[in-house]
Every structure is written in C-alpha cells, then in structure tokens.
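Asks: Return a 3D structure for these sequence lines:
(one chain, ligands or ions: 1)
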Amino acid sequence: MDVREAILSRRTHKHWTGEPVPRVVLEDLLELARWAPNHRLTNPWRFAVMPAEALARYGEHVRQNLAAYAGTKPGAAEAIREKLEKMLPKLGAVIIVGCQVDPDPKIHAEDRDACAAACQNILLGATARGLASFWSTGALLTSPPAKAFYGFGDNVVLVGAICLGTAADTPQSKREPLEGKVRWL
Ligand SMILES: Cc1cc2nc3c(=O)[nH]c(=O)nc-3n(C[C@H](O)[C@H](O)[C@H](O)COP(=O)(O)O)c2cc1C
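Replies: Numbering: from 1, shown residues only. Modelled structure (predicted):
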C-alpha cells in the first residue's frame, strides 16, 4: 500500500475482534512515530505501550478507580464503564502518545504538533499493515489519573491514545469539499 492509499483508506474504527497486536508490530509503529518531523529535534514524544495483557491490567485499574476517572461530569462513570466492558477487551493494543512540556509556549505548541504528526505516522503505519486504528482522547484512556498508570509525570501532557487491533466493522467517513478553504496565490 502506498502512502496515498494509506491516507485515503485510514478510518476511525470503533469495533474490534479482540485479536492482540504482536509486540514486533508495535515496535515498528513506534519506529515510524519517532521519525515524525520535530522542530529543533526536540524529540518531544513520550510513549506508553499497552499490549493486550497490559490492557487487561489497565481495565482492572480503571474499574477500581472509576470515580477518579469519571470526575464530576454527569454520566461520565456510566460512559466509561460501558467502554471499559465493551471496547477495551476487544482492542489489540494501545499506544499512548504524550508530549514533554517545554516551558516556552511557542516551542511547546510546535512540540505538540510534532506529537500529532507522530500519531498520524502510527495511524498510517497501522493502516498499511491492515490494522484498524482509532485516535482517542476519551475519558477511558486519557482521564488525568491514567497518566500515573502510564508512568507519565507532570512534565508530560497526553496527546492521544492510539487504539489498534483487528477491525470488526467497515466505517465510512466524510470531509467537506475544499471549496472556500483554499486560496491559490
Ligand atoms: C486529536 C483527535 C482526537 C480525537 N478523539 C476522538 C475521541 O475521543 N473519540 C472519537 O470518537 N474520535 C476521536 N477522534 C477521531 C475523529 O472523531 C475522527 O477522525 C473523525 O470522526 C473522522 O473520521 P475518520 O478518521 O474515519 O475519517 C479524534 C481525532 C483527533 C485528531
């Protein structure tokens, strides 16, 4: 699959079979991630990798700390619990992407952009391998208490949880046309 086909065929998947993603595949996706462009070569990304067996441990951790994960948002505990029981056991792995915080806001903004590029590299690499993927910023995987489980300190912000696995659906998506969004000079 060439890069154009990977970009166009990548979709956000929400339904999975539960098949684990092998470690060697995860290592290769991390290799793609670290080759994302990054200004000043700050290498700002920090990764936490949860293969299938770690996801089971994470699920137990969330179950035991549900109130902390849900916070004060009405209905959040139910929503997290549902994803915990229905989605988490079906994922093949999750790569958490964090960004090291730079005290200079301009540098930090660019570092976050670089981390987003790293996320996209993972998504496209997964697509090229026939894996389903999903960039999540949902409460189940990115609530504040999750950071401690991932081993990230205060100097790291979460950029996304890249869910990976085998697809059990064929999602469709759409984009607005470019009309009105491009100026050719
Ligand atoms: C920064 C970022 C955060 C996202 N967080 C979520 C999320 O928490 N839940 C979700 O359903 N989709 C999330 N998405 C995926 C988008 O919803 C998805 O890309 C969009 O619906 C278009 O679908 P497609 O990726 O299949 O084209 C996120 C995407 C990005 C770039």
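Asks: C-alpha from now on. contacts and neighbour counts both.
Replies: Will do.
Asks: Only the buried residues of whatever helix or strand residue 82 lives in, if you could.
Replies: Residue 82 is located in helix 76-86, with elements delineated by DSSP states H and E. Buried residues in helix 76-86, counting neighbours by 16 or more other Cα atoms under 10 Å, are found at 76, 77, 80, 81, 83, 84.
Asks: Roughly how far does the closest residue to residue 167 other than its chain neighbours sit from residue 116?
Replies: Closest residue in space to residue 167, ignoring its immediate chain neighbours: residue 16 at 4.7 Å, by Cα to Cα, 6 or more residues apart in numbering. According to Cα to Cα, to the nearest Å, residue 16 and residue 116 sit 24 Å apart.
Asks: and the longest strand anywhere in the chain, anywhere near the ligand?
Replies: Looking across the chain with DSSP state E, the single longest strand is strand 156-165. No - on the criterion Cα under 6 Å from any ligand atom, strand 156-165 is out of touch with the ligand, staying 6.5 Å away.
Asks: And the contacts of that strand?
Replies: 16-21, 46, 90-101, 112, 115-116, 119, 122-123, 126, 131-137, 141-142, 147 (Cα atoms under 8 Å, 6 or more residues apart in numbering).
Asks: Could you pick out the buried ones from those?
Replies: Judged by 16+ other Cα under 10 Å, buried ones among the contacts of strand 156-165: 16, 18-21, 46, 90-101, 112, 115-116, 119, 122-123, 126, 131-136, 141-142, 147.
Asks: mind listing which of those are in helices?
Replies: 112, 115, 116, 119, 122, 123, 126, 141, 142, 147 (DSSP state H).
Asks: From the opening residue of stretch 151-158 to its closing one, how far?
Replies: Using Cα to Cα, one end of stretch 151-158 lies 12 Å from the other.
Asks: That stretch: how far from the chain's middle?
Replies: 15 Å (Cα atoms, centre = their mean, to the nearest Å).
Asks: One more: stretch 147-161?
Replies: The answer for stretch 147-161 is 12 Å, by Cα atoms, centre = their mean.
Asks: Please identify the buried residues of it?
Replies: 147, 150, 152, 156, 157, 158, 159, 160, 161.
Asks: Include distance to residue 27 when you put those into TSV, please.
Replies: Below are the buried residues of stretch 147-161 laid out as TSV (distance: Cα to Cα, whole Å):
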residue	distance to residue 27
147	21
150	17
152	19
156	21
157	22
158	20
159	19
160	18
161	16
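Asks: if we can go back for a sec, select from the buried ones among the contacts of strand 156-165 every entry located in strands.
Replies: 46, 93-100, 132-136.
Asks: Adding pLDDT, write those residues out as CSV.
Replies: Formatted as CSV, these follow (pLDDT from 0 to 100):
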residue, pLDDT
46, 98
93, 98
94, 98
95, 98
96, 98
97, 98
98, 98
99, 98
100, 98
132, 98
133, 98
134, 98
135, 98
136, 97
